[in-house]
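Asks: prediction below, plus the sequence it came from.
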Amino acid sequence: MPHKTASQDTPDATGRFGALREGLLLVAAALLLLVAPPAQQPSGTVSDFPRGASIAGPVAASPAQPKLAPSPAPRLAQFGGQEASAEVRQIANWTFHSGDHQQRAVVVVDKKDAKVYVFDAGGRLQGAAPALLGSAIGDHTVPGIGDKPIAQVLPAERTTPAGRFIAEPGVNANGEDVVWVDYDAAVSMHRVRANVKAERRLERLASKTAKDNRISFGCINLPVSFYEKVLSPAVRRTGAVVYVLPETQPAARLFGAYDVPHAARSTPQ
């Protein structure tokens, strides 16, 4: 019988090592499968939803609702604790609420109480002072009164006209700076003049009653410091609208004013 060769029936050392290497590779592969972390799910897949939740396509987000700004409180005149009549408050509140002042300062002349109020364009009271007014009761202007020599102006014609006027800084015939209320009627606001002692104009301004404040030919006389420090600067800074309240009819009728909502319940600032 012929002898068998080693290459046919007996495995050599190379064969044994090859088999061992293949076995080790298989074990390593199995270990990798056991310890490898599971593949991460992409964002937005089922794993992002609680179990049992239905999955739908992308849903458009609801548009954000705009935040509504609170309704601004009505703009009112700020009197700062200053006493004033109901008509003064009504007209002052109305002009700022309605915008009738057109971003100018506001001057309210209360003929019944012989008092003047000056507000800046934002509604803040800058000051108030007594005033001397035309000696005649009435709200009208006599035609042509501005062209008359002052000595010819009759007592019944010496009225301070009521109405809405645009203030105009200027000078009078004597070169004195004044604030014109009605230039054609020669009515202005100016410093009090104590030229005629018998008229007692300074004493009339200082008295606590308005009954003796009717002494002028129609112009509005003011304390010197009030004119120079309050009225004149306000007019020159932003211009001013002058509201001379009537004494023979309701002010609201003359100006077409209305009561500002909630103004009566508001505490003056």
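Replies: All right, it came through fine. Numbering: from 1, shown residues only.
Asks: can you give me the end-to-end span of stretch 171-179?
Replies: Using C-alpha to C-alpha, to the nearest Å, one end of stretch 171-179 lies 8 Å from the other.
Asks: which parts of stretch 178-190 are buried?
Replies: Using 16 or more other C-beta atoms under 10 Å as the burial criterion, the residues of stretch 178-190 that qualify are 178-182, 185-190. In short, each C-beta sits where N, CA and C put it, glycine included.
Asks: show the average pLDDT along it.
Replies: Taken as a whole, stretch 178-190 has an average pLDDT of 97.
Asks: just stretch 211-228 next, same as before
Replies: 97.
Asks: same deal with stretch 102-115?
Replies: For stretch 102-115, the per-residue pLDDT averages 97.
Asks: can you give me the neighbour number for Leu205?
Replies: Leu205: 22 surrounding residues under other C-beta atoms under 10 Å.
Asks: where exactly do the strands run in the stretch 1-150 of the chain?
Replies: Applying DSSP state E, counting those that start in this stretch to the stretch 1-150 of the chain gives strands spanning 105-110, 115-119, 125-130, 133-134.
Asks: could you export those strands as JSON lines, including mean neighbour count?
Replies: Output for the strands of the stretch 1-150 of the chain, formatted as JSON lines (neighbours: other C-beta atoms under 10 Å):
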{"stretch": "strand 105-110", "mean neighbour count": "25"}
{"stretch": "strand 115-119", "mean neighbour count": "24"}
{"stretch": "strand 125-130", "mean neighbour count": "19"}
{"stretch": "strand 133-134", "mean neighbour count": "24"}
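Asks: looking at those strands, which is closest to Ala77?
Replies: The minimum distance between Ala77 and those falls on strand 115-119, with 5.9 Å, by C-beta to C-beta.
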